[in-house]
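S.K.: okay, predicted coordinates and the sequence, questions at the end:
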Amino acid sequence: MSRIERVEILMVDLVPKVKRVDAIQSFVSQETPIVRITDSDGAIGTGYSYTIGTGGPSVMELLKRTLVPALIGREAMEIERIWRDLLFLTHATTTGAITSIALAAIDTALWDLKARKLGLPLHLLAGGAQASIPLYTTEGGWLHLSESALVEDALRAKADGFGGCKLKVGRPLHEDVRRIAAVREAVGPGFEIFTDANQRFNVDEAIRRARAYEALDIGWFEEPLTAEDISGHTRLVSSTSIPIAVGESLYSAMHFREYLERHACSIVQVDVGRIGGVTPWLKVAHMAESFNIAVCPHFLMELHVGLCAAIPNARWVEYIPQLDDLTGEKMKIIDGRAVPSSKPGLGIDWDFAAIAAQTVEGSHSIHLL
């Protein structure tokens, strides 16, 4: 057993590789808080989370002022105890995005440290249920893109062996239908087309949209309503044959429980960076399994591939490259499927020189025992 002796926190602000526009926002940057934890044996674990351009400095201040000081001297292997203690330490700000993002950076670092010390990759340490997971791409489905660009990207993904693509919706209904129909005609049957509204609609409009999308053989309708509207999601689920996907904007396992108990979703998209880390992510995934619900996580493919391979009910990994500028070896893809790393830890090959070169000024902090 070994104690936490040192914690380093920093943040990199990444510019997206492509323009990303959905029904409510445009991604101008990706703030990436990174935490490195060193224990008394000299073992190091690296974790991270993210924002989409706002709130990063607040996350860093919460880490620096409140959470990181509480880590020093703790037993690094007691991940569950640490997670619970930090949650209650911040009880005045939970449940919420800033706290969950900060907790995720710490919790993923602790899991990385544990896996490295045990010599196990994350997917085996956390369960070892699957050897690979099908991929779908979102990178070519953004709302500002032309119809021809959507078709071109979908055909390229299909040729690369991917099982599906995601199209953002939120234009006038007839435009959304025309864009989806063009992609469906191009790719034919057997290739999934997912749609994502990013919480754009109220329940009446979502029901109307779902009925219009049904004839186009949609794989799911993602975030059709604001995440707080559980009763609206229940109405929508009961009114359509299209699976309803939620989760990227939920920050507590209890919220997922409410959705599942009230039959308000068909797909769980729990995001390790927003739920608070690996510890609560696994709880949500196994809870979904008990409801016979599939897990198709949001974003963070480099980390989610290991978690999805750990559980039996993961169905898809979302392809949006996030860490190319900060890593050496990329996520392994074979025949359109994501393959978890066999190396000990989270499976992310960090390039610390690249991280140092892109660290936001003033975000670096070291705490010593």
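M.R.: It's in.

S.K.: let me see the ranges of the strands in the stretch 201-350 of the chain.
M.R.: 220-222, 244-246, 267-268, 294-295, 317-319, 332-334, 337-339 (DSSP state E, counting those that start in this stretch).

S.K.: could you dump stretch 122-129 to PDB, C-alpha only?
M.R.: In PDB, the C-alpha atoms belonging to stretch 122-129 read as follows (Å, rounded to 0.1, in the frame of the first residue of the first chain):
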ATOM      1  CA  LEU A 122      -8.200  -0.700 -18.000                       C
ATOM      2  CA  HIS A 123     -10.500  -3.000 -19.900                       C
ATOM      3  CA  LEU A 124      -9.300  -6.100 -18.000                       C
ATOM      4  CA  LEU A 125      -9.100  -4.400 -14.600                       C
ATOM      5  CA  ALA A 126     -12.600  -3.200 -14.900                       C
ATOM      6  CA  GLY A 127     -14.200  -6.300 -16.300                       C
ATOM      7  CA  GLY A 128     -12.800  -7.600 -19.600                       C
ATOM      8  CA  ALA A 129     -16.200  -8.300 -21.300                       C
END
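
S.K.: could you chop the protein up by domain?
M.R.: Listed domain ranges for the chain are 4-119+351-368, 123-339 (source: automatic domain parsing).

S.K.: mean pLDDT for those: which is lowest?
M.R.: Among the domains of the chain, domain 4-119+351-368 carries the lowest mean pLDDT, at a mean of 93.

S.K.: if we go by neighbour counts, what in stretch 214-225 is buried?
M.R.: Leu216, Ile218, Gly219, Trp220, Phe221, Glu222, Glu223, Pro224, Leu225 (16 or more other Cβ atoms under 10 Å). (Glycine included, C-beta is placed from N, CA and C.)

S.K.: I meant to write stretch 321-336 there.
M.R.: So for stretch 321-336, counting by 16+ other Cβ under 10 Å, buried means Pro321, Gln322, Leu323, Leu326, Thr327, Met331, Ile333, Gly336.

S.K.: end-to-end on it?
M.R.: For stretch 321-336, the first and last residues are 14 Å from each other (Cα to Cα, to the nearest Å).

S.K.: over to stretch 168-176?
M.R.: 9 Å.

S.K.: now tabulate the buried residues of stretch 321-336 in CSV and tack on distance to Val237.
M.R.: As requested, the buried residues of stretch 321-336 are exported to CSV (distance: Cβ to Cβ, whole Å):
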residue, distance to Val237
Pro321, 32
Gln322, 30
Leu323, 34
Leu326, 38
Thr327, 38
Met331, 32
Ile333, 33
Gly336, 29
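
S.K.: all the strands of the stretch 51-200 of the chain, in order from the start?
M.R.: Using DSSP E, counting those that start in this stretch, strands in the stretch 51-200 of the chain cover 133-137, 164-168, 192-196.

S.K.: any idea which of these is most buried?
M.R.: strand 164-168 (a mean of 25; mean count of other Cβ atoms under 10 Å).

S.K.: partner strands of that strand, with direction?
M.R.: strand 133-137 (parallel), strand 192-196 (parallel) (DSSP bridges).
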